[in-house]
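**Q** how does the following fold in three dimensions:
(chains A and B)
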Amino acid sequence: MAYVAIADRDTHPHDPDTFITKYIWSQDHKVIAIQYAITAIFVGVIALGLSLLFRLQLGFPDSFSLVAPNEYYQYVTMHGMIMVIYLLTALFLGGFGNYLIPLMCGARDMVFPYMNMLSFWVYLLSVIVLLASFFVPGGPTGAGWTLYPPQAISEGTPGIDGGIVLMLVSLIIFIAAFTMGGLNYVTTVLQARARGMTLMRMPLSVWGIFVATILGLLAFPALLVAGVMLLLDRVIGTSFFMPEMLSMGAAIDYGGGSPILFQHLFWFFGHPEVYIVALPAFGIVSDVLSVHARKNIFGYRMMVWAIVAIGALSFVVWAHHMYVSGMNPYFGFFFATTTLIIAVPTALKVYNWILTLWQGDIHLRVPMLFAIGFLFTFIHGGLTGLFLGNVTVDLPLSDTYFVVGHFHMVMGVSPVLVVFAAIYHWFPKITGRMFHEGLGKLHFWLTLLGTYSIYLPMHYLGILGIPRRYYAYGDTDFIPESAHTMNAGITVAALLVAAAQSLFFINVIWSLLKGKKAGHNPWGATTLEWQTPDTPPKHGNWGHNLPEVHRWPYDYSVPGEKEDFIPQTEPARADAIPNREHARSTK
Amino acid sequence: MNISLLFAALTVAILVWCFLLQHLKAKPWLEQGIIEEGGTTKVPAPRVGLWVFLAVVTSLFGLFTTVYNMRSGFPDWRPLQDPGLLWFNTGLLVLGSIALQRARGASRRENLDSLRLNLTAGGALTIAFLIGQLVAWRQLTDAGYFVTTNPADAFFYILTGLHGLHMLGGLWFLAQACLSAWGKPKTSTVMEIANVRLRVELCSVYWHYLLLIWLLLFGLFLST
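**A** Okay, here's the model as predicted:
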């Protein structure tokens, strides 16, 4: 295990000099972060393309014959799995986690750089295995992204031959990659912070990523257990999850297993997974709002407590995904209660974001627009979550488009808006150039309004009782003509939103080539990553001397100061309130 | 899922205890100037990394145990005859753990001979344990207990296999410690032994932990 000294140093020993060691087999956390981000966005675009294909089928079932029924299920499955795991988890933790943790904590790199590099390459392998399933006989699995047995490995489900095996193998590889990365993120936050950077001086982005990583390290093993056991059921014919049953009129070889057991395991991972994605997003939004409103985050301590509380509670709400599974009804009562309790710290965060904006000097730059957009979509998705968290409301809505609308609002659109906020916010630091403001604003408005016109109507469809997971509805009495029209409208909106994303890619490429030079701190931000001697930061981040941290990360618009921000590295003022609590311990 | 609930609660309680009490009471907006926070520089990062990894291992085996308990309550569960060889293997692993503990003591006392001997013995005993486990598998298949015979058999193979894989991973790091111990000249100074010391310490902690997990697993097999 390589161990990078975190002390000051005169030169950069072992600086990579060849193209390969600098950009391919790189151990620099910033390069690894970009590798992670590019790979994740690449698979994300594939998943977006799949969603367009099945949306065309849903919106215009009679006009297009792009998708056969079994392909419809395969595309839905791959869309879900890629977006949740291979895009969002990898991008927030592997991408932003890698980039931000060492820079925001004031470290030269992750504490285990070699393992960090390995983490990316193993992740890439998992992506390749996943995508390979498109090319095996029978194609990828069409079991739905939750992969519930028995249907996931029963005759008749698409991808029963190679697809499901590759999916499970890919997940297992992904978990190995995540564990390697996760050990790094947690240990770096705990052990490699700069002098003066106490835990309570860390920006909320780091707090969110840190707690999310702990959740991931404890929750992914549940997916591993479920994956390994399902793989054995499929490949060598054990009966962990497979019950005795008839398939095509004949008894199958399995018997005695419990499908509900799989659901428990899956959701013991699956619910913390929601917060593995959400907590980094919460943290990043807090920082973006604070910087662009030129105001300290409202209730920093409360925000940290809320992140920790949400992380803890997220382990005891999993069965609210299983109200319709046939489990003991008393469970439902317990899990509905914990689900409503977790809304408390979450609502607290939302209030604090809004209060941060209150009377702030708000600059509606592109990252700020995305962050404020997130507030809308997250409040919206959170409120419909309260509907679904109650057993009696969930039962009739569970198999309808209401769930699709809720889930995509809270877990799809919201994190993606934060991803864009973060990319636009840190783009000047990552590349040294500014992006095109006008193009970015156009991208924001098209994305926000477009996604709203996709997912808001889905709630109405759900309340009408339109079932999800159907390939085509045909002429069904209870579905009025207007619902079909609405469905077509949703598809048109989805096409527009997808097309609007090209603005983002055009903006990135244009700005890389022609963008204005950014300078080291274009937003006037206080946190350490904006105080690096070079922009973009070089290998080792800090030049000769490590930064020293003298204050918390949110000193914006401090009364009586010349500038409206004070960097964390700025020494204490002579008339500062003495540091009573710690004065004794430092002597 | 009682056990995993308990496990989650325990982990969370530890986390909350660590952070809430020690740090989360601070009022960072009032405090300026350098604050030294203990721990960030005193504890070597690999040690923290190992403990975080052990938490992951705990989660993995804890969940498997939970599933084992749930699945064993079903009517088709037919417990298998645990091979007597497992007792012998357990003895090997205990001895391996003791050897590594002695190696750790030797590295502290800078006794290079004893360090080399005990490290090598620890590695050999662990390899013997792994071979013993494979022989136990062989005995089971000869007796007609295959992976697909019954979930009880399947669990036995998975859990012993998974534990074996973790030991194998540990052996990789033990081999590195061994190589660096044997690579030192006889006349090594205190400073030169110091960098082996951390490796030996981490290996011994990992071995004790995997021994503990094995004892719990063995108890689980015996009790059902």
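
**Q** okay, and the closest residue to chain B within the stretch 351-500 of chain A sits in which element?
**A** Closest approach of the stretch 351-500 of chain A to chain B (C-beta to the nearest C-beta) occurs at residue A:356, with a separation of 13.4 Å. From N, CA and C alone the C-beta is placed, and that goes for glycine too. Using DSSP states H and E, residue A:356 maps to helix A:329-357.

**Q** can you name the next helix or strand after that helix?
**A** Following helix A:329-357 in sequence, per DSSP H and E, is helix A:366-389.

**Q** in stretch A:164-184, which residues are buried?
**A** A:164-184 (16 or more other C-beta atoms under 10 Å in any protein chain shown).

**Q** for chain A, see how far away the residue of chain B most remote from its centre is.
**A** Residue farthest from the centre of chain B, counting by C-alpha atoms, centre = their mean, is residue B:30 at 43.6 Å. Distance from residue B:30 to chain A, counting by C-beta to the nearest C-beta, to the nearest Å: 6 Å.

**Q** can you give me the angle the host helix or strand of residue A:264 makes with helix A:329-357?
**A** Residue A:264 belongs to helix A:259-292 when assigned by DSSP H and E. Angle of helix A:259-292 versus helix A:329-357, following axes from the mean of the first three to the mean of the last three C-alpha atoms, to 10 degrees, is 10 degrees.

**Q** what is helix A:259-292 packed up against?
**A** Counting contacts by 3 or more C-beta pairs under 8 Å, 6 or more residues apart in numbering or on different chains; DSSP states H and E, helix A:259-292 packs against helix A:204-235, helix A:300-313, helix A:329-357, helix A:366-389, helix A:414-431, helix B:45-71.

**Q** can you redo these as TSV with mean pLDDT and distance to residue A:554?
**A** Compiled in TSV, the helices and strands packed on helix A:259-292 are given as follows (pLDDT from 0 to 100; distance: least, C-beta to C-beta, whole Å):
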stretch	mean pLDDT	distance to residue A:554
helix A:204-235	96	9
helix A:300-313	93	6
helix A:329-357	93	9
helix A:366-389	95	15
helix A:414-431	97	15
helix B:45-71	92	28
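
**Q** out of those helices, which gets nearest to residue A:44?
**A** Proximity to residue A:44 (C-beta to C-beta) singles out helix A:414-431 among the helices and strands packed on helix A:259-292, at 8.7 Å.

**Q** residues in contact with residue A:567?
**A** A:526, A:530, A:531 (C-beta atoms under 8 Å, 6 or more residues apart in numbering or on different chains).

**Q** helix, strand or coil for it?
**A** Secondary structure assignment for residue A:567 (DSSP: H, G, I helix; E, B strand; the rest coil): coil.

**Q** quick one, phi psi at it?
**A** The phi and psi values for residue A:567, taken as degrees, to the nearest 10, are phi -60, psi 150.

**Q** what distance do you get for it to residue A:50?
**A** In this view, residue A:567 and residue A:50 are 45 Å apart by C-beta to C-beta, to the nearest Å.

**Q** give me the mean pLDDT for the helix holding residue A:264.
**A** Across helix A:259-292, pLDDT averages out at 95.

**Q** any regions of chain B where pLDDT drops low?
**A** Applying pLDDT under 70 to chain B picks out residues B:1-9, B:12, B:15-22, B:38-41, B:186-193.

**Q** residues near residue A:25, how many?
**A** 14 (other C-beta atoms under 10 Å in any protein chain shown).

**Q** hmm, it is touching residue A:116, no?
**A** No - Residue A:25 is beyond contact range of residue A:116, at 11.7 Å (criterion: C-beta atoms under 8 Å).

**Q** hang on, the earlier thing: and the residue of the stretch 351-500 of chain A closest to chain B, how many neighbours?
**A** 24.

**Q** how about the spatially closest residue to residue A:252 that is not a sequence neighbour, what does it touch?
**A** Excluding the flanking residues, the one nearest residue A:252 by C-beta to C-beta, 6 or more residues apart in numbering or on different chains is residue A:245, at 6.1 Å. Shown in contact with residue A:245 (C-beta under 8 Å, 6+ apart): A:150, A:154, A:251, A:252, A:254.

**Q** how close does residue A:245 sit to residue A:262?
**A** Distance from residue A:245 to residue A:262, by C-beta to C-beta: 15 Å.

**Q** again, but for residue B:101
**A** 40 Å.

**Q** which one of the two has more residues nearby?
**A** Neighbour count, other C-beta under 10 Å: between residue B:101 and residue A:262, residue A:262 has more, with 26 against 17.

**Q** what sits closest to that one if chain neighbours are left out?
**A** Closest residue in space to residue A:262, ignoring its immediate chain neighbours: residue A:241 at 4.5 Å, by C-beta to C-beta, 6+ apart.

**Q** thinking the one you found is in contact with residue A:261, fair?
**A** Yes - using C-beta under 8 Å, residue A:241 is in contact with residue A:261, at 6.0 Å.

**Q** higher neighbour count, these two?
**A** Shown here are residue A:241 and residue A:261; by other C-beta under 10 Å, residue A:241 has more neighbours (28 against 20).

**Q** in contact with the more buried one, which residues are there?
**A** For residue A:241, the contacting residues are A:149, A:150, A:229, A:230, A:233, A:257, A:258, A:259, A:261, A:262, by C-beta under 8 Å, 6+ apart.

**Q** one more time with 7 Å
**A** Counting by C-beta atoms under 7 Å, 6 or more residues apart in numbering or on different chains, residue A:241 touches A:149, A:229, A:230, A:233, A:257, A:258, A:259, A:261, A:262.

**Q** need the residues you listed in JSON lines with distance to residue B:58, can you?
**A** Below are the contacts of residue A:241 laid out as JSON lines (distance: C-beta to C-beta, whole Å):
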{"residue": "A:149", "distance to residue B:58": "26"}
{"residue": "A:229", "distance to residue B:58": "19"}
{"residue": "A:230", "distance to residue B:58": "22"}
{"residue": "A:233", "distance to residue B:58": "25"}
{"residue": "A:257", "distance to residue B:58": "26"}
{"residue": "A:258", "distance to residue B:58": "24"}
{"residue": "A:259", "distance to residue B:58": "27"}
{"residue": "A:261", "distance to residue B:58": "20"}
{"residue": "A:262", "distance to residue B:58": "22"}
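
**Q** hang on, the earlier thing: just the buried ones from the contacts of residue A:567?
**A** A:526, A:530, A:531.

**Q** give me the pLDDT for the first one.
**A** If you check residue A:526, the pLDDT there is 95.

**Q** that one contacts residue A:563, doesn't it?
**A** No - the pair residue A:526 / residue A:563 is not scored as a contact, 10.0 Å apart, by C-beta atoms under 7 Å.
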